[in-house]
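> whatever this is, show me its structure:
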Amino acid sequence: MIHGIHHTAISSSDIERSLHFYRDLLGFEEMFKLNWEVGDKTLDDITGLTDSSARVVMLKAANACVELFEYATPAPKPADDRRPVCDHGITHLCLQVSDIEGEYNRLKAAGMVFHCPPQSVGDSLRVTYGRDPDGNVVELLEVIGDSEMSVVAA
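Numbers count the residues shown, from 1 in each chain. The predicted structure follows:
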């Protein structure tokens, strides 16, 4: 039986920079850290890699976790930090917020790059997309009023 989504994993070129963004700026709580060295056959088998090594940090906010990876080996290919959201793969991580204007202004002042200011989508949603330090899209979503779209208490 599937109970729901536990976490989204993000490979980062600089885990400290990503920690600053997700933990310090967005307020995710650090759950645990893991470092693995080359030669861990179990982790190679799980990841489908050979001679892998990485740093990992699991973060949590309300009902969702984000797992950050910084691989040392094998050498990762650089990501396109402006990959269009229409390209195949995970398109974005959505964070439900209250006061989207306040969060938008706070994060923009801290250096987060956004596609646009918050926009109204119908009568019950306010939305904007921005980028984390590796170019992954982070959506801010405010649910207005009583809506079935809400997954966390505002």
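
> drop to CA atoms for contacts and neighbour counts, all remaining ones
Will do.

> mind listing the helices for the chain?
Secondary structure of the chain (DSSP state H): helices at 15-19, 41-47, 100-109.

> quick check, pLDDT for Ser150.
Ser150 is assigned 73 on the pLDDT scale.

> make 7 the first number, not 1, from now on.
I'll keep to 7 as the first residue from here, and by that count the last item is Ser156.

> neighbours of it, how many?
Using other CA atoms under 10 Å, Ser156 has 17 neighbouring residues.

> any idea of the pLDDT on the residue nearest to it when sequence neighbours are not counted?
Nearest residue to Ser156, sequence neighbours excluded (CA to CA, 6 or more residues apart in numbering): Val149, at 6.0 Å. Model confidence at Val149, given as pLDDT, is 88.

> identify the residues contacting the spatially most central residue of the chain.
The chain has Leu99 as the residue nearest its centroid, 5.1 Å off, counting by CA atoms, centre = their mean. Taking CA atoms under 8 Å, 6 or more residues apart in numbering, we find Leu99 in contact with 14, 143-145.

> cool, and Lys114?
Phe120.

> so how far is Arg137 from it?
The span separating Lys114 from Arg137 equals 10 Å under the rule CA to CA, to the nearest Å.

> which neighbours do the two share?
Counting by CA under 8 Å, 6+ apart, the common neighbours of Lys114 and Arg137 are Phe120.

> what residues go with each domain of this structure?
Dividing the chain into domains by automatic domain parsing, as the record does, gives the ranges 13-79, 85-160.

> any stretches of this structure with poor pLDDT?
7-9, 153-155, 158-160 (pLDDT under 70).

> hmm, Ala70 is touching Gly10, no?
No. Ala70 is beyond contact range of Gly10, at 10.0 Å (criterion: CA atoms under 8 Å).
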